[in-house]
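1. here's a sequence, model it:
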Amino acid sequence: MANPMYGQNKADAALDGVSKIVKVPINSGNAIAAAGHAAGAYGGAWANPEGEDIIIEGVLLDVTTAATGSGAVDIGVAADGTTGSDNLIDGADVGSAAIMATTGANGGTNGKAWQPCTSTQWVTVDLSADSTGMVANLYIRYFIPSKG
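-> Next up, the predicted model:
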């Protein structure tokens, strides 16, 4: 039996409070093909896999190929995988150049560096305007709060 004093109380042997990083390919790793935009289309969605509440420490959107249009991106914690949210990154420009957008530098009006995410919530990537041609990956850094 693991000693709960040290936070090692999970089947995966990960310590509570220790950060994890996950990579989420945007649009399944393919370039965006359509100029039109519909809520939940051509983005990404990541479900909290831990079965308990987590704290997101920040996200990094690595845009390796910029959109040929005037695309922008919102990233945030949402109730499901198709609802848009902008509480991590709000309106980052993905059409001007290949960039690395982060919650700290590109948070925009609503973006926060730290965001709680319940066991049933998702992190969603919602593209607006013309994001044709964009290729990107999202990196999410999070931890499970220690059970003290």
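2. mind listing the helices for the chain?
-> Secondary structure of the chain (DSSP state H): helices at 103-106.
3. where is the longest strand in it?
-> Looking across the chain with DSSP state E, the single longest strand is strand 54-65.
4. hey, where'd the strands end up in this structure?
-> Secondary structure of the chain (DSSP E): strands at 20-25, 44-47, 54-65, 72-78, 89-93, 100-102, 115-117, 122-128, 135-143.
5. quick one, which of those is nearest to residue 108?
-> Nearest to residue 108, of all the strands of the chain, is strand 89-93, at 3.1 Å by CB to CB. For the C-beta atoms, the positions are set from N, CA and C on the backbone; glycine is no exception.
6. low-confidence ranges, this structure, go.
-> 1-16, 35-42, 146-148 (pLDDT under 70).
7. that older thread, can you put the strands of the chain in TSV and add mean neighbour count and distance to residue 32?
-> TSV is the format used below for the strands of the chain (neighbours: other CB atoms under 10 Å; distance: least, CB to CB, whole Å):
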stretch	mean neighbour count	distance to residue 32
strand 20-25	14	12
strand 44-47	18	11
strand 54-65	20	9
strand 72-78	25	11
strand 89-93	21	15
strand 100-102	18	16
strand 115-117	19	25
strand 122-128	23	7
strand 135-143	20	8
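8. closest one to residue 109 among these?
-> Among the strands of the chain, the nearest to residue 109 by CB to CB is strand 89-93 (5.2 Å).
9. list of residues touching the closest one?
-> Contact partners of strand 89-93, identified using CB atoms under 8 Å, 6 or more residues apart in numbering, comprise 59, 61, 71-76, 99, 101-103, 106-111, 128.
10. quick revisit: quick one: which of the strands of the chain is nearest residue 31?
-> Smallest distance to residue 31 across the strands of the chain (CB to CB): 5.0 Å, for strand 135-143.
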